[in-house]
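In: the sequence isn't on hand, but the structure is:
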């Protein structure tokens, strides 16, 4: 039998039997399918990229909403800045137009004032040549500002006679002469500081 066991033809069946026996002995049964339990924030099992946290999802959602709000505010601020720039340009244009009009007006007023000065001097000469009662009658129909301007260009002696004629008529006219005198005082202070 030793000869039989040591023969080359026997080695092959013995090896096959040993192989099959070892395979059956070490064979594992396949594991049962694994049911995954819902993953909670306290019990984490598995890969980290499979982790889902509802609080983190809520924070991400809030951050997205806040980013949208910030983008809207940024857009609104840009629109406001554009509108403010446009309005500032309009204000600058209006300011320049007003300055131009003011300059033209000042030139026109200066010209009128120069013309008025000449006219007032002529009127002062005319009323100085009249009798004080006649000049007083004419001044009764004029406003106090014009009368004060004309009297300012007359000599003091001529002004005194006209004011005396005006004040003799009534108490109201006397008060008017006082107001005219005050205007003449202020006019002389402005003309001769």
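Out: Nice, thanks for sending it over. Keep in mind that what you see is a predicted model, and the values were worked out from it rather than measured. Numbering: from 1, shown residues only.

In: low-confidence stretches in the chain?
Out: Across the chain, residues meeting the criterion (pLDDT under 70) sit at 1, 5, 28-49, 108-112, 188-193.

In: and the helices in it, which stretches?
Out: Taking DSSP state H, the helices of the chain run over residues 2-5, 8-26, 54-129, 132-140, 144-152, 156-167, 171-191.

In: redo the ones you listed as a markdown table? Include mean neighbour count.
Out: Yep, even glycine has a C-beta here, placed from its N, CA and C like the rest. Putting those into a markdown table (neighbours: other CB atoms under 10 Å) gives the following:
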| stretch | mean neighbour count |
| --- | --- |
| helix 2-5 | 8 |
| helix 8-26 | 9 |
| helix 54-129 | 11 |
| helix 132-140 | 17 |
| helix 144-152 | 19 |
| helix 156-167 | 18 |
| helix 171-191 | 13 |
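
In: where's the most centrally placed residue in the chain relative to residue 75, distance?
Out: Against the mean C-alpha coordinate of the chain, by CA atoms, centre = their mean, the closest residue is residue 84 at 5.5 Å. Distance, residue 84 to residue 75, by CB to CB, to the nearest Å: 15 Å.

In: likewise for residue 63?
Out: 19 Å.

In: can you check residue 114 too?
Out: Relative to residue 75, and taking CB to CB, residue 114 is found at 59 Å.

In: what's the answer for residue 148, then?
Out: Where residue 75 is concerned, residue 148 sits at a distance of 64 Å (CB to CB).

In: then residue 54?
Out: In terms of CB to CB, residue 54 sits 32 Å off from residue 75.
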